[in-house]
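Visitor: could you look at this predicted model? Sequence included:
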Amino acid sequence: MVDPKATLVRAWMTKARSDLGTARKLASGPDSYLDTAIYHCQQAAEKAIKALLVQNDLRFEKTHDLEVLIARATPVAPRLNQLLDQADRLTPYAVAYRYPGEELVPSAEEFAAALFAAEEIFACIESLLSLESPSENSDTEAGGNPN
């Protein structure tokens, strides 16, 4: 039997990984689109955090504020507090550069810092989710019901 929660967690992480890949591709080459790429950095981090929240049955409101999402997750993952600076860096990119304004495109340095922050958050969440996996498998190995 398929575990719907596990399927949803994997789907959130798949979308987060896709956003990271999209950010990298959009930022590469002479015709880069750093304004769109930096948005995908924020989205990757947001989706990864939401995967952790889903895994732990923690409800969340519709928000792009990564600090709010991390605060919701810290009871089950206290080490996420170490990533608040990265979250603070990324949160504005949910809307910045998406519409005409004073600055239309981030600098290459700003994008690089955003990509680094997104990759760090993603890697942390990925490690937290894989730490939870062995306990799920231990029921199966002990002869318990895997579902």
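Guide: Received, thanks.

Visitor: and for the closest residue to residue 76 other than its chain neighbours, the neighbour number?
Guide: With Cβ to Cβ, 6 or more residues apart in numbering as the criterion, residue 76 has its nearest non-adjacent residue at 4.5 Å, and that residue is residue 56. Backbone N, C-alpha and C define where each C-beta goes, glycine included. The number of residues packed near residue 56 is 17, by other Cβ atoms under 10 Å.

Visitor: OK, contacts around residue 56?
Guide: Contacts for residue 56 (Cβ atoms under 8 Å, 6 or more residues apart in numbering) come out as 73, 76, 77.

Visitor: what does residue 110 give?
Guide: Per Cβ under 8 Å, 6+ apart, neighbours of residue 110: 34, 38.

Visitor: just the one 10 residues further on next, same as before
Guide: Contacts were defined as Cβ under 8 Å, 6+ apart; by that measure residue 120 touches 83, 86.

Visitor: separation between it and residue 68?
Guide: Counting by Cβ to Cβ, to the nearest Å, the separation of residue 120 from residue 68 is 18 Å.
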